[in-house]
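Undergrad: coordinates only, sequence not included:
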C-alpha cells in the first residue's frame with residue numbers, strides 16, 4: 001500500500017488530479033502492494049485509458065462494502081491495459097527509465113495449479129518489482145513455466161491410465177509426447193491466469209517455457225559447448241534408479257528416510273507393505289572347511305549378485321581365511337574372501353561383508369579395487385534377472401527378498417534378524433525405494449564450476465540472504481559429485497548425441513561411439529570426418545534419453561533474455577546485455593541446490609559473470625501445525641480457495657477426490673470441519689498477499705493459518721471504509737474546485753494534528769522502504785498496518801472530523817477565515833496520507 005509512486009520522494013509540491021478518479025482507481029485496482037502504481041516516480045504520467053474506461057473510473061462511486069471479488073474482477077481490464085507493452089512504450093517515450101531492473105519468476109511446473117508456496121514467491125517478487133518501478137526502473141520481471149520432465153510425464157501417465165486404461169508404451173513415444181503437449185497447453189494457460197489473479201505485474205509479452213524453441217536452442221548450445229570442453233562425458237556408473245518412474249535421478253532428488261527399528265512401508269504398485277529397518281544374518285560356508293562366516297545384510301535379495309565376501313586385513317578373527325573361498329548358497333560356486341580396510345569396519349556386525357558390485361555403490365568401489373566381476377541381477381523394473389536360479393527370475397525384488405530368506409532357512413544358513421537403524425533411499429518424486437543400478441549415463445563434471453560458485457559467495461561477489469544458508473551452500477558445493485543429467489523419459493529435451501546404428505555398412509566402428517552436435521546433419525559430418533567413410537542421415541540414431549529438467553532451468557538467467565542468439569540479433573543483444581546478470585534471485589530455500597546452485601555454475605561458465613549478485617531465500621510454507629504441505633496428507637492450501645472463498649462441502653469433496661490415504665483422510669476431514677465449519681470466506685488476493693508478507697520474519701518457518709488471512713481481509717475493509725468516508729469530504733473544496741489545495745501552500749495553516757500525522761507518514765514511508773531494501777517485508781507490512789489503523793484512522797481522522805465537517809466553534813470573519821484555512825489544511829493532509837497509503 002504505502003509509498004504509491006513517491007515512496008522515496010520528499011513531500012514536494014505538485015498538482016493533484018481529481019480525487020474521485022484517483023482513489024477509485026487505487027482501490028478498484030486492488031489494495032496494498034497489489035495496487036502500487038506502475039509508473040516511474042519522476043514523471044508521474046497518467047496511463048492512457050480508453051474513454052469508456054476513463055468515464056467509468058471517474059464517476060463510479062465506491063460501494064458501501066468492500067467485496068474483493070467484485071473489485072478485483074472489475075479492475076482487471078484496467079491493469080491489463082496499464083501493463084500492456086504499447087502502454088509502457090508510450091510512458092517510456094515520455095521519460096525513459098534510468099536503469100533496468102531484471103528478475104525472473106521461478107517457473108511453476110505445468111503439473112496442475114499453483115500452490116501457496118507459489119503465492120508466497122509471487123507476493124515477494126511483486127513487492128520488489130513494484131518498489132523498483134516506483135523508483136523509476138524499467139522493470140523486466142519475466143514469468144515462465146517449467147516443463148518438469150519427471151513430474152509432468154508421471155501426471156500424464158496416470159491420467160492416461162485412469163481415463164483410457166493405456167500406458168505410454170501403448171501410445172508410442174510420438175503420440176505420448178503429443179498428449180503431454182496438450183496437457184501443457186491446458187494447464188500452462190491456467191497457471192498464467194492464476195499468476196494474473198494474484199496480481200503480479202510480470203511482463204506477459206515475454207514469457208518463457210523451458211521446452212519452447214528458444215530455450216531448446218540454449219539447451220543444445222550449452223550441452224555441445226560443455227561436451228567440447230570435456231565437461232560432459234558418458235560413463236557406465238552406479239546410478240539412483242527409480243523402478244516406478246523408470247529413470248535415473250540425481251543424488252539431490254533422493255530423500256533419506258531414517259528408520260530406527262523394524263518398520264513396514266507401503267510402496268508404489270505393491271499390495272503388501274515391505275519391512276525395512278532390520279538386519280538379516282546368514283552364513284557362508286567356507287570352501288574345503290567345516291567353518292562358516294556369518295554375514296549381515298539389509299538386502300538379502302542381492303545375494304544372487306554376490307561375487308565375494310570381504311574382511312578387514314587386520315581383523316585377528318579372520319586372518320586364517322585370507323586367500324580362501326566361500327561357497328555361494330544358491331549357485332554353489334566358489335567366490336573369494338577379499339581383504340578390504342575401506343569397505344569393512346571390524347567393529348560393526350560380524351566384521352564380514354557380502355560384496356555385490358552391481359547393486360551397491362560401496363561394493364562397486366570394492367569390486368574395482370579387487371577386479372571383481374559385476375553381476376547384474378535386478379533389472380530396471382525392480383525384478384530379478386540374469387544368470388541366476390531360474391525360480392527367482394521375474395520376481396519383484398522384495399518378493400525375492402522373502403523367498404531368499406525362506407530358502408536360507410531351509411538350508412540352515414539363516415541365523416536371525418534384528419532391528420537395525422537404516423537410512424532408506426527414497427525417490428522424492430515417486431516414493432519408491434531407490435535401486436542402485438549400473439548403466440551408462442551422461443554426466444557433467446561440476447568440480448571447477450562448483451568451486452567458482454562457492455568462492456563467489458566467500459569473496460562477496462554474490463550474497464545469500466539469510467546468511468545462515470551460506471553454510472549449506474558451501475557444504476554442497478565443496479563436496480559436489482558429478483551431475484547425472486540423463487533421464488530415461490520421453491518428455492523433455494532429447495540429448496543432442498548420435499551414434500551409428502548397429503550393422504551400418506562401410507564401417508566397423510562400435511555403436512558405443514557418440515557424436516555430439518546441434519543437429520543430425522552436423523553429427524553425420526563429424527562422424528564422416530572421424531571415421532573416414534560416407535554416411536547417410538539414417539545411419540545415425542539420436543540418444544533416446546532426455547536431459548534433467550534442472551539443466552534447462554539452470555540456464556534461465558541467460559536463456560530467458562535470448563541467449564545464445566545475442567550474436568545474431570541486435571535487439572536480443574541489447575536486451576541480454578541490459579538484463580543480465582539479474583538484479584536479484586528470489587526463491588524458496590528448498591531449491592537452493594536443485595536450481596540456484598546450477599544457475600550459478602552453468603551461467604557463469606557461459607557468460608563469465610555471475611547470473612545474479614544477490615540470492616534472497618524464503619522458507620517453505622507449512623500448515624499451521626508445522627507439517628509439510630502434501631497432497632497425501634490432505635493439508636495443501638489452494639490460494640484460489642482463499643482468494644475466491646469455498647464451501648466446506650466443496651473442500652471435503654476436493655479432499656476426497658485426491659490421493660489421501662484412509663487414515664490421513666479421516667484426520668484431514670476432521671481438521672477441515674473444525675477449522676472451517678462454514679468454509680473459507682472470500683478474502684481476495686490482497687488479504688492473502690498481505691498475510692504471506694507478514695509471515696516473512698527473518699529465519700522463521702511459515703506455519704500458514706488461513707484465519708490470519710481473514711483478519712487481513714478485515715484490514716482491507718478498514719482501508720476501503722476510510723477512503724469511502726474521506727471521498728465526500730475531499731471531492732470538492734468550498735469554492736467548488738474538484739481538487740485539493742497543494743499541501744506545500746498551506747504550511748502556515750497546518751494544525752498540530754496535521755503536522756503530527758505528516759511526521760508519522762514520513763516515518764512510515766522510511767520504515768517501509770528500509771524494510772523492503774533489507775529484505776524484511778514483514779517489517780514493512782507491520783508498519784503499513786500500524787500507521788493506517790492506529791495513527792491515521794484511530795487518531796488523525798477522529799481529530800479532523802470537526803474541522804472537515806465545518807462545525808463552527810466561533811463567530812466572526814476572522815474565525816471563519818481561520819476555520820476555512822484549517823479545513824483546507826485538513827483536506828490536503830488527509831488527501832496526502834491516503835494518497836501515499838495507497
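TA: That came through, no problem. No experiment lies behind these values; they were computed from the predicted model shown. Numbering: from 1, shown residues only.

Undergrad: where in this protein is pLDDT low?
TA: Along the chain, the model assigns pLDDT under 70 to residues 1-61, 74-77, 79, 85-97, 505-511, 632, 658-661, 698-699, 731-748, 807-815.

Undergrad: domain boundaries for it, per the record?
TA: Following automatic domain parsing, the chain resolves into domains at 255-435, 499-542, 623-707, 731-837.

Undergrad: among those domains, which is nearest residue 217?
TA: Of all the domains of the chain, the one in closest proximity to residue 217, counting by Cβ to Cβ, is domain 499-542 (8.4 Å). Any C-beta I mention is one placed from the backbone N, CA and C, and that applies to glycine too.

Undergrad: end to end, how far does the closest one reach?
TA: The first residue of domain 499-542 is 7 Å away from its last residue (Cα to Cα, to the nearest Å).

Undergrad: now stretch 290-306
TA: End-to-end span of stretch 290-306 (Cα to Cα): 21 Å.

Undergrad: and what of stretch 799-819?
TA: Distances were taken as Cα to Cα; on that basis the terminal residues of stretch 799-819 are 14 Å apart.

Undergrad: re earlier: in a markdown table, list the domains of the chain along with mean neighbour count.
TA: A markdown table is the format used below for these (neighbours: other Cβ atoms under 10 Å):
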| stretch | mean neighbour count |
| --- | --- |
| domain 255-435 | 17 |
| domain 499-542 | 15 |
| domain 623-707 | 17 |
| domain 731-837 | 17 |
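
Undergrad: just put the ones you listed in JSON lines and tack on distance to residue 135.
TA: Converted to JSON lines, the domains of the chain look like this (distance: least, Cβ to Cβ, whole Å):
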{"stretch": "domain 255-435", "distance to residue 135": "40"}
{"stretch": "domain 499-542", "distance to residue 135": "42"}
{"stretch": "domain 623-707", "distance to residue 135": "19"}
{"stretch": "domain 731-837", "distance to residue 135": "9"}
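
Undergrad: of the ones you listed, which is nearest residue 606?
TA: Distance to residue 606, taken as Cβ to Cβ, is lowest for domain 499-542 among the domains of the chain, at 15.1 Å.

Undergrad: how far does the closest one sit from its chain's centre?
TA: 39 Å (Cα atoms, centre = their mean, to the nearest Å).

Undergrad: before we move on, what about stretch 581-598?
TA: A distance of 9 Å separates the centroid of the chain from that of stretch 581-598, by Cα atoms, centre = their mean.

Undergrad: same check, this time on stretch 779-795
TA: Shown here is stretch 779-795, whose average C-alpha point lies 33 Å from the average C-alpha point of the whole chain (Cα atoms, centre = their mean).

Undergrad: could you do stretch 372-381 as well?
TA: For stretch 372-381 - counting by Cα atoms, centre = their mean - the centre lies 36 Å from the chain centre.

Undergrad: can you check stretch 424-436 too?
TA: Averaging C-alpha coordinates over stretch 424-436 and over its chain gives two centres that are 20 Å apart (Cα atoms, centre = their mean).

Undergrad: ends of it, how far apart?
TA: 12 Å.

Undergrad: dump the residue contacts of residue 129.
TA: If a contact means Cβ atoms under 8 Å, 6 or more residues apart in numbering, then residue 129 has 101, 103, 139, 141, 200, 201, 202 as its contacts.

Undergrad: oops, could you answer that again for residue 830 instead?
TA: For residue 830, the contacting residues are 726, 729, 730, 796, 797, 800, 804, by Cβ under 8 Å, 6+ apart.

Undergrad: now, the most widely separated pair of those residues?
TA: For these, the maximum inter-member distance is 13.9 Å, found between 730 and 796 (Cβ to Cβ).

Undergrad: residue 466: neighbour count?
TA: Burial of residue 466 is recorded as 14 neighbouring residues (other Cβ atoms under 10 Å).

Undergrad: tell me how far it lies from residue 693.
TA: As judged by Cβ to Cβ, to the nearest Å, residue 466 and residue 693 stand 16 Å apart.

Undergrad: then residue 599?
TA: Where residue 693 is concerned, residue 599 sits at a distance of 25 Å (Cβ to Cβ).

Undergrad: with residue 116 instead?
TA: With Cβ to Cβ as the criterion, residue 116 and residue 693 are 13 Å apart.

Undergrad: re earlier: which of the contacts of residue 830 fall within strands?
TA: By the criterion of DSSP state E, membership of the contacts of residue 830 in strands covers no residue at all.

Undergrad: who touches residue 238 in this structure?
TA: Going by Cβ under 8 Å, 6+ apart, residue 238 touches 360, 361, 364, 436, 437, 438.

Undergrad: oh, I was asking about residue 777
TA: Going by Cβ under 8 Å, 6+ apart, residue 777 touches 124, 127, 693, 696, 771.

Undergrad: give me the neighbour count for the first one.
TA: Residues within reach of residue 124, counting by other Cβ under 10 Å, total 22.

Undergrad: am I right that it is in a helix?
TA: Yes: secondary structure of residue 124, determined by DSSP: H, G, I helix; E, B strand; the rest coil: located in a helix.

Undergrad: grab the nearest non-local neighbour of it.
TA: Across the structure, with Cβ to Cβ, 6 or more residues apart in numbering as the measure, the residue nearest residue 124 apart from its sequence neighbours is residue 586 (5.6 Å).

Undergrad: settle this for me: that neighbour is touching residue 612, isn't it.
TA: No: counting by Cβ atoms under 8 Å, residue 586 does not reach residue 612; the two are 9.5 Å apart.
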